[in-house]
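In: return atomic coordinates for the entry below.
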Amino acid sequence: MKSMKVKILASPLRMAAFALVALTGSAVAANAQRTAGPSPVPLPPATAAPQDVPFPGVIRLAVDATDTDQGIFRVHETIPVSHPGPMILLYPKWLPGDHGPTGPIDKLAGLTIRSGTLRLNWTRDAIDVYAFHVEVPTGIKALDLEFQFLSPVESKEGHIMMTQEMLDLEWNTVVLYPAGYFSGQIVVQTSVKLPSGWKFGTGLERASDAGAAPNFTAVSLETLIDSPLVAGRYFARVDLNPKAPVPVHMSIVADRPDELTMTPAQLLAHRNLVQQAYKLFDSRHYDHYEFLVVLSDRMLVNTGLEHHRSSEDPTIAKYFMDWDKTTEARDLLPHEYVHSWNGKFRRPADLWTPNFNVPMRNSLLWVYEGQTQYWGNVLAARSGLRSKQQALDEMAWNAAFMDHRIGRQWRPLEDTTADPISTLRRPIPWKSWQRSEDYYDEGQLVWLDADTLIREKTGGKKSLDDFARAFFGINDGGSITSTYTLADLVKALSDVLPYDWAGFLKVRINAIAPTPLEGLKRGGYRLVYTDKASDFFKSNEEINKTTDLYYSLGIILDKDSTVTAVLWDGPAFNAGLTVGNTVVAVNGTEYDADGLKDAIKKAKESPTPIELLIKRGDQYRTIAVDYHGGLRYPHLERILSTPALLDDVLSPR
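Out: Sure thing, here's the model as predicted:
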């Protein structure tokens, strides 16, 4: 028996040894064949790194934005050249605020390069499709470029930037610039031709008018791209900081003239926003500021974009007219305004780049965006853009949404800072499992946690307000970007409250960890669910045209009954539902939102599953959702035994 046992054990070992020899021989032979095969073609030389030296001359950029029917921006650009030979022109790729390589190169068309009557050939770089090579002949002093930016005319093509009533001109879409220079060292003189009678708002300063083509003061390329322009047939400009030495205005374009009208209370809330921001940061880093507000249901521009002296603030057309229904939208202006301090003036070191074609790194977006998300919601409450209860309801909505981010079981918060690069902000099918830029909303919870911790440990003598003032309020009146690292952040927090902030952040940002709800509890509130939706929750549904049953069935549907979100491992997920399915009928009756909610209520008192008839493409099937928990909507409930620190956070200064 013993020898047999040895024999049985030894035989596989010998077989494995023979197999290893055979495999090794095969690998050697295969390697010999590979060395005799093709070799990789060497990569072409990389584009020269930008240098911090002045670009010789001034680029002149003229944009014709009068083709509102077809959404075509026509561009003429003159770029000085100082010597003959190879030259590389770049189209902006990495855009601050987008946090990724989102420059719309696919919409550039018709590029021709001339010098006088001589047409010069160009060649796109074999690796970098944003780079164009041109050989400059001897004696040439300037290149004349003609091209078009073909802005989307349907939402499936991208964000609509021009309609017959308005436009949003982002200068990065209509400019090429020479490689080899910091963008702050390239000077550009711009003009834009607008439709007759249109008015505009921008952070740029006007140099002169030439009919319908206003000219602007020459600025660096960095400042130009940071200073978009909105224009429209229906336009209003409102002073938000009257008689102040540093002006702040709101330039508004709308689909219709009646949508421009605001009440005195609405105006006061927006003016309060400026004053509450000054009380928070005790500084400002601009010589003037312009909120560029787009009120439209037709023009689908980006969902808000920060700039140093302005912000793009697109929102629903009836933002003022349906004020009672627009609660959810009222943190947009505060969020983008806070970015003037957090993101534009003070910026993570790896997010600052010398030009728009050097890759950005997003490691500290949970500060750049997460703390901005926090302050945006706080300032909305402090200014009166939201009531205290509406602010609490927003926090409940956000906490519940993040508490259902099941993807935290495998993916830390910090890794979501890669999302704008890895997904280019395209839709993904399973957000709750994949996670999606959670540094915004979960970042808000982290900073609430930090704020209430400081308040608790100092007996209310200090708060995150003190950090904001010390960290973002330095160099009052200065506008040159100041960068920081994680070590700088930890030191600044420790200056407010000596504490293991590195450990605090490591657990919440870098580790696989539970939802950070400690800030709510320490602030005197707990997250609960009831069968009644808050006004904020209803506003979110109204603005987004959705039926949100995420915390019951685990789905969200659009106005056409198409499923837009499914909670991973939730009741609908386990029944086989997926994004893109259309709910045709509920328990044998044609679908409507109220009917589905009634079915959820009845299922709470019955063991019978909810039956859904589902359509996907041209196929139909019936699924049974075994859910009996009733309707569930998030709220914050007061913990009476705990001080209401959160009330203090939201109170006006």
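
In: element containing Arg469, please.
Out: Using DSSP states H and E, Arg469 sits in helix 464-472.

In: adjacent strands (with direction) for the next helix or strand after that helix?
Out: Downstream of helix 464-472, the first helix or strand assigned by DSSP H and E is strand 482-484. Sheet pairing of strand 482-484 (DSSP bridges) gives strand 346-348 (parallel).

In: other residues contacting the helix holding Arg469?
Out: Residues from elsewhere that reach helix 464-472 (C-beta atoms under 8 Å, 6 or more residues apart in numbering): 280-283, 341-342, 345-346, 374-375, 447, 450-451, 454, 484, 489, 492-493, 495-496, 653. To be clear about C-beta, it is placed using only N, CA and C from the backbone, and glycine gets the same treatment.

In: would you mind checking the residues you listed for buried ones?
Out: For the contacts of helix 464-472, a burial check counting by 16 or more other C-beta atoms under 10 Å picks out 280-281, 283, 341-342, 345-346, 374-375, 447, 450-451, 454, 484, 489, 492-493, 496.

In: from the contacts of helix 464-472, which ones fall inside strands?
Out: Within these, residues falling in strands by DSSP state E are 346, 484.

In: domain-wise, how is this structure divided?
Out: Following automatic domain parsing, the chain resolves into domains at 1-39, 50-233, 239-523+643-653, 552-631.

In: which residues does the closest residue to Glu205 other than its chain neighbours contact?
Out: Taking C-beta to C-beta, 6 or more residues apart in numbering, and ignoring the residues beside it in sequence, Glu205 has Thr217 as its nearest neighbour in space, at 4.5 Å. Listed by C-beta under 8 Å, 6+ apart, the contact partners of Thr217 are 204-207.

In: hang on, Gln164 in a helix?
Out: No: going by DSSP: H, G, I helix; E, B strand; the rest coil, the assignment for Gln164 is coil, not a helix.

In: name the nearest residue to it, ignoring sequence neighbours.
Out: Thr68 (4.9 Å).

In: the one you found: what's it in contact with?
Out: Here Thr68 is in contact with 162-164, 167, 195 (C-beta under 8 Å, 6+ apart).

In: got a PyMOL select line for the buried ones in these?
Out: Per 16+ other C-beta under 10 Å, the buried members of the contacts of Thr68 correspond to this PyMOL selection:
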select buried, resi 162+163+167+195
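
In: tell me which two in the contacts of Thr68 are the farthest apart.
Out: Thr163 and Pro195 (11.2 Å; C-beta to C-beta).

In: where does the protein dip in pLDDT?
Out: For the chain, the stretches with pLDDT under 70 are 1-35, 209-212, 300-302.

In: next up, phi/psi of the one residue sitting closest to the centre of it, please.
Out: In the chain, the residue lying closest to the centroid (C-alpha atoms, centre = their mean) is Asp98, at 5.7 Å. Dihedral pair for Asp98: phi -90, psi -20, per degrees, to the nearest 10.

In: so it makes contact with Pro420?
Out: Yes: taking C-beta atoms under 8 Å as the definition, Asp98 is a contact partner of Pro420 at 6.5 Å.

In: before we move on, back to that, so which of the buried ones among the contacts of helix 464-472 sit within helices?
Out: 280-281, 374-375, 447, 450-451, 454, 489, 492-493, 496 (DSSP state H).

In: buried residues, the helix holding Arg469. List them.
Out: 464-469, 471-472.

In: ok, now stretch 505-512?
Out: Residues 505, 507-509 are the ones in stretch 505-512 that count as buried (16+ other C-beta under 10 Å).

In: and stretch 372-389, by the same measure?
Out: Neighbour-count burial for stretch 372-389, counted by 16+ other C-beta under 10 Å, picks out 372-386.

In: what comes up buried for stretch 179-198?
Out: Buried, per 16+ other C-beta under 10 Å, within stretch 179-198: 179-195, 198.

In: off-centre distance for that stretch?
Out: Offset of stretch 179-198 from its chain centre (C-alpha atoms, centre = their mean, to the nearest Å): 24 Å.
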